[in-house]
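Colleague: fold the following for me, if possible:
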Amino acid sequence: MPQEVARVESSLLASYPDYLDAQRLVDRMSDDGFPVESVRIIGEGVRTVEQVTGRLTRGRAAVMGAASGAWFGVFIGLLFGLFSTDTAWGWFLAISVVVGAFWGAVFGFVAHWSTRGRRDFASTMTLQARRYEVHVDRERAAEAARYVL
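Modeller: The predicted structure follows:
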């Protein structure tokens, strides 16, 4: 059963075009001892932005898959190594990295091959807002106003 969130009336304290500026204001308030649990940063006009980072070939997909598989192999190797009592943990780690890299490369290659050229680029997706508003509970609005000057 979801919890109900109490809605508190808030006042707009400041508006910024950049998230870091809003974050700096709240950080300054926190450093000064202001009860920041009554502060909210609200993004207005949210949109997704996809930054294309380069062309994606089957070879590059395999290399990226191998890298992520190797990291997974490190995790598995260290996990097995925790239960090893002798020097075999180094072998567990090495074998896990190699096996992880191999299967990561295979899955990366197959995943890219299965798209049949419909997505031949790599990208990262982020959320951005047109502006960021810093709101504060009405009871604290007068006290918070001194930080905007």
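Colleague: if I look at the closest residue in space to Arg55 that isn't next to it in sequence, how far off is Arg138?
Modeller: Nearest non-adjacent residue to Arg55, counting by C-beta to C-beta, 6 or more residues apart in numbering: Phe121, 5.9 Å away. Every residue, glycine included, has its C-beta placed from N, CA and C. Taking C-beta to C-beta, to the nearest Å as the criterion, Phe121 is separated from Arg138 by 48 Å.
Colleague: center of the protein - which residue?
Modeller: Nearest to the mean C-alpha position of the chain, counting by C-alpha atoms, centre = their mean, stands Thr126 at 8.9 Å.
Colleague: report the buried residues of the one helix or strand that one maps to.
Modeller: Using DSSP states H and E, the element containing Thr126 is strand 121-128. Residues Ala122 are the ones in strand 121-128 that count as buried (16 or more other C-beta atoms under 10 Å).
Colleague: what helices and strands are in contact with that strand?
Modeller: strand 47-55 (3 or more C-beta pairs under 8 Å, 6 or more residues apart in numbering; DSSP states H and E).
Colleague: ok now the strand it packs on, how far from the chain's centre?
Modeller: Centre-to-centre, strand 47-55 and its host chain are 15 Å apart (C-alpha atoms, centre = their mean, to the nearest Å).
Colleague: stretch 129-140 too?
Modeller: 23 Å.
Colleague: model confidence over that stretch, on average?
Modeller: Averaged across stretch 129-140, pLDDT comes to 94.
Colleague: compute the first-to-last residue distance for that stretch.
Modeller: 26 Å (C-alpha to C-alpha, to the nearest Å).
Colleague: surely Val52 touches Asp120?
Modeller: No - applying C-beta atoms under 8 Å, one finds Val52 not in contact with Asp120, separated by 10.6 Å.
Colleague: any idea whether the residue nearest to Gly104 when sequence neighbours are not counted is helix, strand or coil?
Modeller: Spatial nearest neighbour of Gly104, chain neighbours left out: Gly69 (1.8 Å); criterion: C-beta to C-beta, 6+ apart. Counting by DSSP: H, G, I helix; E, B strand; the rest coil, the backbone at Gly69 sits in helix.
Colleague: take stretch 33-46, keep the C-alpha atoms, and write them as CSV.
Modeller: Taking C-alpha atoms only, stretch 33-46 is exported to CSV below (Å, rounded to 0.1, in the frame of the first residue of the first chain):
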residue,chain,number,x,y,z
GLY,A,33,22.5,25.4,9.1
PHE,A,34,19.2,26.1,7.4
PRO,A,35,16.8,23.1,7.7
VAL,A,36,17.1,22.0,4.0
GLU,A,37,14.6,19.2,4.4
SER,A,38,12.0,22.0,3.7
VAL,A,39,13.7,22.8,0.4
ARG,A,40,13.0,21.2,-3.1
ILE,A,41,14.7,21.7,-6.4
ILE,A,42,12.1,21.3,-9.2
GLY,A,43,13.0,20.9,-12.8
GLU,A,44,10.6,22.7,-15.2
GLY,A,45,10.3,21.8,-18.8
VAL,A,46,12.0,18.4,-18.6
